[in-house]
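Enquirer: next come a sequence and a model predicted from it.
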Amino acid sequence: MLSFFGAVCVVRLSLSEVEVTTRKAALGAGFPLGLAEEAGACAAWLAAAGFPFAELMAAALLTDSPERPHVIRKGDVVELAGEGVCSALRILPSACDLVIASASARRPITLVACVDVPALAVAQAALASAGSAVPLAVEIGGVLSAVTRGENSPLLFGSIATIAALRSKLVSIRMMDESNPQPQHGPDAFGLERARVLALEQGVVADDHDWERVSRLAARTLVPATVQSREHGAGAGLIDSD
């Protein structure tokens, strides 16, 4: 549903719409299915937390670089380095998995990479932490930006607007443990839990221009509505319940 806030045209979406459309957009942009599913989940998390998800996902999808960075290990630090900036959508799921796996093996590592849209590291770490119950710390540009806490909402350090505006910064992901004590008080005044409840009840709002950019990528997964396409399985079939 389109509406106007001042001179800005916005669209209201459910979290399901955000996740499904972003997943299709990632497929349309050439990502494999697994990473496309991660992108959809990441977009839904950002939307529920109050981040400008449409702007962030459009930036990540449209500036994607398929470059495969080199892995350089220096003690307990693993660096992903390439000739350019790494794609957040391509490397962050594996990066979080590696950090969590190292924690399980009791040989914790810190993974470092320069990524195009650093805010996605917060979302990906929150999702990974919720699935594993391993608390993670995310630094962006050498500054602590978030601490994830298992199934609980993460602590954010710095405003959502500040984190969302960052581009092409060095991101560090590590496990939080007794040797790296969690801050007792963080500026968790953004009400992430309340934001999530409101998002589920009322939907979320996105800038229509940014969401249109994502939707155009999603449209690449569609095929023309012709007799031939239906014969090959497109559409609902002869009746809508097919």
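Expert: It's in. Numbers count the residues shown, from 1 in each chain.

Enquirer: list the residues that contact the residue nearest in space to the middle of the chain.
Expert: By Cα atoms, centre = their mean, the chain has its centre lying nearest to Cys42, at 3.2 Å. Neighbour list for Cys42: 22, 57, 89, 120, 123-124, 127 [criterion: Cβ atoms under 8 Å, 6 or more residues apart in numbering]. Where you see a C-beta, it was placed from the backbone N, CA and C, and this is true even at glycine.

Enquirer: please identify the buried residues of the helix or strand where it lies?
Expert: Secondary structure from DSSP states H and E places Cys42 in helix 33-49. Of all the residues in helix 33-49, those buried under the rule 16 or more other Cβ atoms under 10 Å are 35-49.

Enquirer: what's the neighbour count on Phe31?
Expert: 22 (other Cβ atoms under 10 Å).

Enquirer: you'd agree it is in a strand?
Expert: No: using DSSP: H, G, I helix; E, B strand; the rest coil, the assignment for Phe31 is coil, not a strand.

Enquirer: from memory it sits against Ala88, does it?
Expert: No: assessed by Cβ atoms under 8 Å, Phe31 is found out of contact with Ala88, at 11.8 Å.

Enquirer: quick one: which of the contacts of Cys42 is nearest Val99?
Expert: Nearest to Val99 among the contacts of Cys42: Gln124, at 10.8 Å, using Cβ to Cβ.

Enquirer: list the contacts of the nearest residue to that closest one once chain neighbours are set aside.
Expert: Spatial nearest neighbour of Gln124, excluding adjacent residues (Cβ to Cβ, 6 or more residues apart in numbering): Leu92 at 4.2 Å. Going by Cβ under 8 Å, 6+ apart, Leu92 touches 115, 120-121, 124-125, 171.

Enquirer: Leu92 in helix, strand or coil?
Expert: Assigned with three-state DSSP, Leu92 falls in the helix class.

Enquirer: ok, it to Trp211 distance?
Expert: Using Cβ to Cβ, to the nearest Å, one obtains 22 Å as the distance from Leu92 to Trp211.

Enquirer: and Val117, its phi and psi?
Expert: With angles defined as degrees, to the nearest 10, Val117 sits at phi -130, psi 90.

Enquirer: my guess is it contacts Leu56, does it?
Expert: Yes: between Val117 and Leu56 there is a contact at 5.7 Å, judged by Cβ under 8 Å.

Enquirer: pull out the buried residues from stretch 69-89.
Expert: Neighbour counts over stretch 69-89 (16+ other Cβ under 10 Å) mark 69, 78-80, 85-89 as buried.

Enquirer: among these, which lie within helices?
Expert: If you go by DSSP state H, the buried residues of stretch 69-89 have 88-89 in helices.

Enquirer: and the buried residues of stretch 69-89, which is closest to Gly158?
Expert: Ala88 (17.6 Å).

Enquirer: just the helices in the protein please.
Expert: Here the chain has its helices, by DSSP H, at 15-28, 33-49, 53-62, 88-104, 119-132, 160-165, 192-202, 208-218, 227-231.

Enquirer: in TSV, list the ones you listed along with distance to Ile140.
Expert: Formatted as TSV, the helices of the chain follow (distance: least, Cβ to Cβ, whole Å):
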stretch	distance to Ile140
helix 15-28	22
helix 33-49	15
helix 53-62	13
helix 88-104	11
helix 119-132	7
helix 160-165	7
helix 192-202	18
helix 208-218	21
helix 227-231	45
